[in-house]
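**Student:** Can you look at this prediction? I've put the sequence above it.
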Amino acid sequence: MTTVGAMKTSMHFLIGAFAIAALSTSCKKKADDGGGNAKTIESTGDKKAGDKPTGGSVTLNGSGSTFQKSFDEVCIEAFTKANAGTQINYAGGGSGKGRKDLGDMVVDFAGSDSPFKDEEAKNAKGGDLLYFPVLLGAVTISYNLDGVDKLQLSGETAAKIFQRDIKKWNDPAIAADNPGVKLPDTDIVVAHRGDGSGTTDIFTKFLDGGSNGTWKLKSGSTVEWPTDTQAGQGNGGVAQIVKSTAGAVGYVDLSDAKQTGLHYAAVKNGAGKFVEANAASVSAAGEGIDVKDNLTFSAVNAKGDAAYPVTGQTWIVVYAKQTDKAKGEAIKSFLKFVLTDGQKLATDVDYAPLPKPLADKAIAQLDKIKT
Amino acid sequence: MAGIDLRSKGDRADRTFRWLAIGAAALVLLVLGLIALTMSTRSTAVLEKMGLGFFTSDRWVANDNDPSQALYGALPFIWGTLYTATIAVILAVPISLGIALFITQVAPAKLRRPLVYFVDLLAVVPSVVYGLWGVLVLAPKIKGVYDSIHNAVDGIPVLQSIFGSASAGKSFMTAGVILAIMIIPIITSLAREVIETTPPGEKEAALALGATRWEMIRTSVLPHSRVGLVGAVMLGLGRAMGETIAATLVIGGSAAVTTNLFGSGNSMPAIIASEWGEAGDLHKSALIALAMTLFLITIAVNLIATRIVGAKRIA
């Protein structure tokens, strides 16, 4: 018994020692990457010499918006396949974290669903920032209502539902948006994000601007929800509540809504048309936006008959002045890929590509990255 | 010669040990001090804005887009933390005591070891697992139970405000149930160890006087272990108040001060974990102030516990 015990302990000890050794080497690697030394010289002999481009490899690190994460992942996979010398890591963590990390220069690029706030831009250690829009995405109003496969909602009605002015599905306001649909007498259960989120920001901006003043809870990544509501963590958490609760309604990004198999409503846009969320209606929203000179804009409540109103946007943000030549070139070619070939991958992950004129403007802006 | 050498070596070892031990103890104080310092400096922004209102206001309006319009009142989260922890303790204590007494006094010797093993196993399940079970299995199913309890007491004063209407499965009660499951193993193993220290002589004396098993437990086991049991419960309470992930997943996420067990609420650790990522500067300061409040409440609970335990020990 004791021998077995001792053996077990020593085994554990060994495994632990291996783990620590592995950890410390990976930490060392990371430290090198982050310390301004762009080139990680490949010294491990496990790669064939032919795979290696001359001069070693470049590692780019990014963090931020989870909205663009699945898109970034497919882009990174496709890009690094074609450019074996470049390694790109995107860590997610939320737009706020991305902006902070880029401001502190611990990452090479940030993903963010909203522009830097004035104060954040002032505190950014690397100087002027460049915004590259990468994609547009829809936030759905998903619901779980037996016997109702198609639902239409105006901004006013959605605002009343989400601030709990309306508590039953057969309320006259909902019926007015859905002529001919038989609505049941079910209680409405409102589901929202419990964590601070860009999705909440997009959705509340839509309600704030698109409900003719009905919406009273303002906009932001967290708002003061009524107390008889239910919070979920992440898009998946809200989708799960909607899926498992009869009468529930919540805002969920298009890809999670599709993956969970939820029904989502057609939403009335500024032109008075009810529009369903899909790649075409989101791209249409992209055509009806006013883009500023620095390529920032808001795609929520965009103009146009076919535009889906609850549309969000996301940027990759980098410094205009790149201190490391190799990294700067790598960022340029990655962004070029994202804005050209990468755009074709957007629909694969249930997002919409940028409208052509906007993508062209972004490509033209690549020259402003100085290495 | 050898003896002298050994002793001088021993002296040195003793001294080294002494300094190492002092260093370790000082490190704890240093870390605590630094935590307190960081938290108090980083929470000043919100306390300057809200004043004492931070502790008494029941409105939490983060408004990161326009911080001048923001309101930060911690009351709903202080309430949620205390309310869910109380529910958890009320549910867990009788069950834990029952298990502990069963293992030590009733169960046949053969059953004891596996029982102890399984209870301890519950303690090592990560809290996120309990949380996920709560959100995926318990919350969707339990709404019906809440509804029938609510309908049964509807119209009766007091009761109808405690067993109010449920918007869906996530609530103070659901969080309390999950927390209770999490603290049962902790309270049980401590209670079991305390109860086992009852001198066999006292138990045998009670039995010799003709006491039944229950009378023996009541007259010799419980009085002897009362102090330790209070300690066990307090540790469970501390664990319940600090639990983050499981509470976040099932508590409902509303800033509400209500006695309605079936209402949606929020707790201090849960809102800190949820909102930190996207919070602006003032919002972050408010979350740190919440952390400090939780820290102070935990210290207060521990002090009260030590008081109770200490007073009994002297008496």
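**Tutor:** Yep, that arrived. Residues are numbered from 1 along each chain as shown, chains lettered A, B, ... in the order given.
**Student:** Quick check: next helix or strand after whichever strand in chain A runs longest?
**Tutor:** Using DSSP state E, we find that the single longest strand of chain A is strand A:129-143. Downstream of strand A:129-143, the next assigned helix or strand under DSSP states H and E is strand A:152-153.
**Student:** Show me what that next one is packed against.
**Tutor:** For strand A:152-153, the elements it packs on are helix A:172-177, strand A:266-268, judged by 3 or more CB pairs under 8 Å, 6 or more residues apart in numbering or on different chains; DSSP states H and E. Bear in mind the C-beta positions are built from the backbone N, C-alpha and C, glycine included.
**Student:** closest one to chain B among those?
**Tutor:** helix A:172-177 (18.2 Å; CB to the nearest CB).
**Student:** Give me the residues contacting that closest one.
**Tutor:** Residues from elsewhere that reach helix A:172-177 (CB atoms under 8 Å, 6 or more residues apart in numbering or on different chains): A:152-154, A:156-157, A:160-161, A:166, A:181, A:183, A:268, A:274.
**Student:** In ChimeraX, how would I select the buried members of these?
**Tutor:** Applying 16 or more other CB atoms under 10 Å in any protein chain shown to the contacts of helix A:172-177, the buried members can be selected in ChimeraX as follows:
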select /A:152,153,154,156,157,160,161,166,183,268,274
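**Student:** Residue 58: what secondary structure?
**Tutor:** Picked chain A for this. Secondary structure, DSSP: H, G, I helix; E, B strand; the rest coil: A:Val58 is strand.
**Student:** didn't A:Ala330 look like it was pressed against A:Val58?
**Tutor:** Yes. Between A:Ala330 and A:Val58 there is a contact under CB atoms under 8 Å: 4.5 Å.
**Student:** Determine the residues that are contacts of both of these two.
**Tutor:** Common neighbours of A:Ala330 and A:Val58 (CB under 8 Å, 6+ apart) are A:Thr86.
**Student:** need the helices for the stretch 1-150 of chain A, in chain order.
**Tutor:** Under the criterion DSSP state H, counting those that start in this stretch, helices of the stretch 1-150 of chain A are mapped to A:2-34, A:69-82, A:95-103, A:118-123.
**Student:** A:Thr200 and A:Trp225 touch, don't they?
**Tutor:** No. If you go by CB under 8 Å, A:Thr200 and A:Trp225 don't touch, sitting 9.4 Å apart.
**Student:** shared neighbours of the two, which are they?
**Tutor:** A:His192.
**Student:** Not counting its neighbours along the chain, what's nearest residue 139?
**Tutor:** If you meant another chain, say so; for now it's chain A. Among residues not flanking A:Val139 along the chain, A:Val310 sits closest, at 4.6 Å (CB to CB, 6 or more residues apart in numbering or on different chains).
**Student:** The intended chain is chain B.
**Tutor:** Per CB to CB, 6+ apart, closest to B:Ala139 is B:Gly169, 3.2 Å.
**Student:** Tell me the secondary structure at the one you found.
**Tutor:** B:Gly169 - assigned by three-state DSSP - is coil.
**Student:** Just the closest residue of chain A to chain B, please.
**Tutor:** Proximity of chain A to chain B (CB to the nearest CB) peaks at A:Ala231, 2.3 Å away.
**Student:** Wait, that residue touches A:Val190, no?
**Tutor:** No. The criterion here is CB under 8 Å, and A:Ala231 misses it with A:Val190 at 9.8 Å.
**Student:** Can you check which residues contact both of the two?
**Tutor:** In contact with both A:Ala231 and A:Val190: A:Trp225, using CB under 8 Å, 6+ apart.
**Student:** okay, these two: which has more neighbours?
**Tutor:** Of the pair A:Ala231 and A:Val190, A:Ala231 is the one with more neighbours under other CB atoms under 10 Å in any protein chain shown, namely 27 against 24.
**Student:** tell me which residues form a beta bridge with the more buried one?
**Tutor:** Taking DSSP bridges as the rule, A:Ala231 bridges to A:His192.
**Student:** which ones are touching A:Glu224?
**Tutor:** By CB under 8 Å, 6+ apart, the contact set of A:Glu224 is A:217, B:59-62, B:255.
**Student:** how many other residues sit next to residue 196?
**Tutor:** Since no chain was named, I'll use chain A. Number of residues near A:Gly196 (other CB under 10 Å) recorded here: 23.
**Student:** ah, I was thinking of chain B
**Tutor:** Using other CB under 10 Å, B:Glu196 has 13 other residues around it.
**Student:** circling back to that earlier point, min pLDDT across the contacts of A:Glu224, which one?
**Tutor:** Lowest pLDDT of these: B:Ala62, 87.
**Student:** Compute the distance between that one and chain A, please.
**Tutor:** Separation of B:Ala62 from chain A (CB to the nearest CB, to the nearest Å) stands at 4 Å.
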